[in-house]
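# pasted the sequence and its predicted model underneath.
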Amino acid sequence: MVSPVTGKKRLLQLEIFPSRLLTVETAQKLLNELNKISGITRMVVYGPGLPKDDPKDLLEGKFEAQKRYLNILGEQVELTVQVGRVWVEVEDIAVKDKIREACEKTLPFSFDINEGLYLRTRKTITDYVRKGGNVDDISLGMFDPKSRRKPSCCGPRSDKHMDE
Amino acid sequence: MAYKAQYYPGKTSVAQNRKKFMDPSYKLEKIRSLSDDDVVIMLGHRAPGSAYKTIHPPLKEGGEPDDPIRKIVEPTAGAAAGDRIRYCQFTDSMFYAPAVPYLRSWMAATRYRGVDPGTLSGRQIVEARERDVEKITKELMETEVYDAARSGLRGCTVHGHSLRLNENGMMFDMLQRVVLDKNGNVYAVKDQVGDPLDRKVNLGKPMSDAELKKRTTIYFIGGVPFRSDAEVVGWVQRIHNERTKCGFAPKL
């Protein structure tokens, strides 16, 4: 699609907005399905910070913080948020129907899919201040530049599975 | 004819519930039982069984100067004993929690003495003498004002009231002070500031959605919308109007 501000072509962005905050297991199922879809260029999971303890441990009287991981096509990626939204950049609007099917298959409650601009398309002052402008096109707008934690991501090599 | 306070305008179920909660002559319905020690450990201010710390001698021994007001007003138990000031703080989910922060403050003002309620958008704090706080908290947590899933006793990190619920219907809590077990009961595993408890406290089963919608005091589009209650809207508009006018022209 054409950006109304810059007049340049940019990819379409979608937001998956479930009516509940997802557990790690449901988020994993949803991402597994989304990863089977070709035509998705970038994806971000977003939400409030993930509680550090496992509820099952808490009931047993164990109070130890645990790291939780998502398995993205064999790559272990640390999950630091409780998934509340998934922002997806797609090549074509036709992918939206495939995403809807994936959501219907994995989410046990209602959801919305919105079209909009969720990932920045241009570098900002903050990018220059924090990164010296060394932000590549792939990671542009995908990470919170103010976050103290190291961002969790999986590299472009995960794309090799596409077009299944 | 003697004036009878109606406490809140409106005829919808939400307005009626608000009236009930604020009316001190209405006895709140008890839906769970907690021991005194349960409340003490969840508050986390003192160890169960330990003595109350004091900030002044008991009033009877204090030799206070003669004052007519002291003769009229009977001190609360905590004030009489000289307890220090402590607090309890509640968070209420926007998804049909039985209480809302402002209502909790109004309730504290109409139902209890010697309290200092404070309201924020998603949480409400009641400060009072320590043994009074324990008594108030016990009543608030045992009765219909509190739901195990949609209300929370949270001293810090209260974020969650305006978020979507977790998949299991619990209000989001970064510190996971309460946890839903497989048997359907909710257990408190941490005190109100997130420190681990020595034992878990059973808060019972959460209310069903239908029950919550019946008991809630939140105007919500999916339940009873605010605009559906003409009397409430009229009063809110009148108060807003008069406050604004008098704010600009105090002589009015």
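Received the coordinates, thanks.
# show me what A:E15 is bridged to.
A:W87, A:N114 (DSSP bridges).
# contacting residues for the residue most central in space within chain A?
By C-alpha atoms, centre = their mean, chain A has its centre lying nearest to A:V44, at 2.0 Å. Going by C-beta atoms under 8 Å, 6 or more residues apart in numbering or on different chains, A:V44 touches A:86-87, A:118-119, A:142. Heads up, the C-betas are built off the backbone N, CA and C, glycines and all.
# what's the answer for B:L203, then?
B:32, B:34, B:141, B:148, B:178, B:185-188 are the contacts of B:L203 under C-beta under 8 Å, 6+ apart.
# make it 7 Å
B:L203 is in contact with B:32, B:148, B:178, B:186-188, counting by C-beta atoms under 7 Å, 6 or more residues apart in numbering or on different chains.
# kindly report the same for A:I40.
A:34, A:88, A:90, A:95.
# so the first one makes contact with A:A102?
To tie it back to what came earlier, the one meant is A:L34. Yes: using C-beta atoms under 7 Å as the test, A:L34 is close enough to A:A102 to be in contact (5.5 Å).
# sorry, back to before: so what sits opposite the residue nearest to the centre of chain A in the bridge?
Going by DSSP bridges, A:V44 forms beta bridges with A:W87.
# separation between it and A:P51?
Noted for A:V44: a distance of 20 Å to A:P51, by C-beta to C-beta, to the nearest Å.
# coming back round to it: out of the contacts of B:L203, who's the most crowded?
B:V178 (26 neighbours; other C-beta atoms under 10 Å in any protein chain shown).
# doesn't B:A188 make contact with it?
Yes: contact criterion C-beta under 7 Å: B:V178 and B:A188 qualify, at 5.1 Å.
# does chain B sit close to the helix or strand containing A:T26?
A:T26 belongs to helix A:24-35 when elements are defined using DSSP states H and E. Yes: in terms of C-beta under 7 Å from any C-beta of the partner chain, part of helix A:24-35 sits within range of chain B, namely A:T26.
# low pLDDT regions in the stretch 151-252 of chain B?
Low-confidence segments of the stretch 151-252 of chain B (pLDDT under 70): B:250-252.
# what about the helices in it?
Here the stretch 151-252 of chain B has its helices, by DSSP state H, counting those that start in this stretch, at B:209-215, B:230-248.
# other SSEs contacting the last one?
Contacts defined by 3 or more C-beta pairs under 7 Å, 6 or more residues apart in numbering or on different chains; DSSP states H and E place helix B:230-248 against no helix or strand at all.
# just the CA atoms of it, as PDB, please.
In PDB, the C-alpha atoms belonging to helix B:230-248 read as follows (Å, rounded to 0.1, in the frame of the first residue of the first chain):
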ATOM      1  CA  ALA B 230     -31.400   8.900  33.100                       C
ATOM      2  CA  GLU B 231     -31.500   9.900  36.800                       C
ATOM      3  CA  VAL B 232     -27.800   9.400  37.300                       C
ATOM      4  CA  VAL B 233     -26.900  11.200  34.100                       C
ATOM      5  CA  GLY B 234     -29.100  14.100  35.200                       C
ATOM      6  CA  TRP B 235     -27.400  14.400  38.500                       C
ATOM      7  CA  VAL B 236     -23.900  14.000  37.200                       C
ATOM      8  CA  GLN B 237     -24.600  16.800  34.600                       C
ATOM      9  CA  ARG B 238     -26.100  19.000  37.300                       C
ATOM     10  CA  ILE B 239     -23.100  18.600  39.600                       C
ATOM     11  CA  HIS B 240     -20.700  19.200  36.700                       C
ATOM     12  CA  ASN B 241     -22.600  22.200  35.600                       C
ATOM     13  CA  GLU B 242     -22.800  23.800  39.000                       C
ATOM     14  CA  ARG B 243     -19.200  23.100  39.900                       C
ATOM     15  CA  THR B 244     -18.100  24.600  36.600                       C
ATOM     16  CA  LYS B 245     -20.200  27.800  36.900                       C
ATOM     17  CA  CYS B 246     -19.400  28.300  40.600                       C
ATOM     18  CA  GLY B 247     -15.700  27.600  39.900                       C
ATOM     19  CA  PHE B 248     -15.600  30.500  37.500                       C
END
